[in-house]
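Undergrad: compute the structure for the input listed below.
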Amino acid sequence: MSDTTQSRSLQISPKYTVAFWRGLELDPDNPKQEDWVKAVDVLRDRIYGRFIKPAQSLIDVDKANKPQTFGFAILALDCLVIETIQGFRKGVTNHTGQSGPLFREFLSNWPPFIACLGAGMVATTKADEFYRQGRCALHHSGATEKMTVGISGPMMRFDNGDITVNRTLFHAELVAEFDRYLAALSDPASVDLRKKFLLKMNPICGL
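TA: Alright, predicted model coming up:
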């Protein structure tokens, strides 16, 4: 991104611009905590504004619908959140060929996901199944063959190759996980996590 007036005014979230980000002093080894609090709010505003609030709006509107019909749209947005969170955690700037590994690492280490696995189920294997049946199927063709999205039951259930997702619980748990990540970023002791965050965020702002 060239350093022009237009590029500096580019919105990177509903409230913040490239110019705002470039004005922050963000050294993980010598943290200026006031600026790091602002940097974390930039990411909060970006992800909430682009994905989390739209998904929640669909959930809220869907409550008035009979039958409720927005489950796949909500899940598609939440899949974007999963990949985005893990991309920031790992400092991945180019997700080409990385989506599967990012999903696998996120889900197989996520306690709410692990709690949904039955006896003998391997977390990485089930994470790959969710990636194929959920993220890939929804984003590539807008439909799934072995996944059902609803509003009841546990967050997720695996049964003979089929996956059932309670999109309301899934969304709530995912938002809680994102908030935990933001809290970790706010801690000055999280030096490595902050470095990975900058690896991903700085290129977005042309740095």
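Undergrad: when you work out contacts or count neighbours from here on, use the C-alpha atoms and nothing else.
TA: Noted.
Undergrad: and the average pLDDT for the helix or strand where residue 60 lies is what?
TA: Following DSSP states H and E, one finds residue 60 within helix 53-62. For helix 53-62, the mean pLDDT works out to 94.
Undergrad: packing partners for that helix?
TA: Counting contacts by 3 or more C-alpha pairs under 8 Å, 6 or more residues apart in numbering; DSSP states H and E, helix 53-62 packs against helix 71-90, helix 167-185.
Undergrad: for residue 189, give its distance to residue 180.
TA: Noted for residue 189: a distance of 15 Å to residue 180, by C-alpha to C-alpha, to the nearest Å.
Undergrad: same check on residue 103?
TA: Shown here: residue 103 relative to residue 180, a distance of 18 Å by C-alpha to C-alpha.
Undergrad: neighbour count winner among these two?
TA: The residue with more neighbours, out of residue 103 and residue 180, is residue 103; 24 against 12, by other C-alpha atoms under 10 Å.
Undergrad: about what we covered before: tell me which of the helices and strands packed on helix 53-62 sits nearest to residue 206.
TA: helix 71-90 (16.3 Å; C-alpha to C-alpha).
Undergrad: enumerate every residue touching the residue positioned nearest the centre of the chain.
TA: The chain has residue 81 as the residue nearest its centroid, 2.0 Å off, counting by C-alpha atoms, centre = their mean. Contacts for residue 81 (C-alpha atoms under 8 Å, 6 or more residues apart in numbering) come out as 47, 51-52, 174.
Undergrad: a markdown table please, covering these and showing distance to residue 150 and neighbour count.
TA: Listed next are these as a markdown table, based on distance: C-alpha to C-alpha, whole Å; neighbours: other C-alpha atoms under 10 Å:
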| residue | distance to residue 150 | neighbour count |
| --- | --- | --- |
| 47 | 24 | 19 |
| 51 | 19 | 17 |
| 52 | 18 | 23 |
| 174 | 16 | 19 |
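Undergrad: so where's the chain uncertain?
TA: Across the chain, the ranges flagged by pLDDT under 70 are 1-6.
Undergrad: which residues of it fall in helices?
TA: 5-8, 18-22, 33-47, 53-62, 71-90, 99-108, 111-114, 123-130, 137-141, 167-185, 191-204 (DSSP state H).
Undergrad: just send those helices back as JSON lines, with distance to residue 152 too.
TA: Converted to JSON lines, the helices of the chain look like this (distance: least, C-alpha to C-alpha, whole Å):
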{"stretch": "helix 5-8", "distance to residue 152": "45"}
{"stretch": "helix 18-22", "distance to residue 152": "41"}
{"stretch": "helix 33-47", "distance to residue 152": "26"}
{"stretch": "helix 53-62", "distance to residue 152": "13"}
{"stretch": "helix 71-90", "distance to residue 152": "12"}
{"stretch": "helix 99-108", "distance to residue 152": "21"}
{"stretch": "helix 111-114", "distance to residue 152": "16"}
{"stretch": "helix 123-130", "distance to residue 152": "18"}
{"stretch": "helix 137-141", "distance to residue 152": "21"}
{"stretch": "helix 167-185", "distance to residue 152": "8"}
{"stretch": "helix 191-204", "distance to residue 152": "35"}
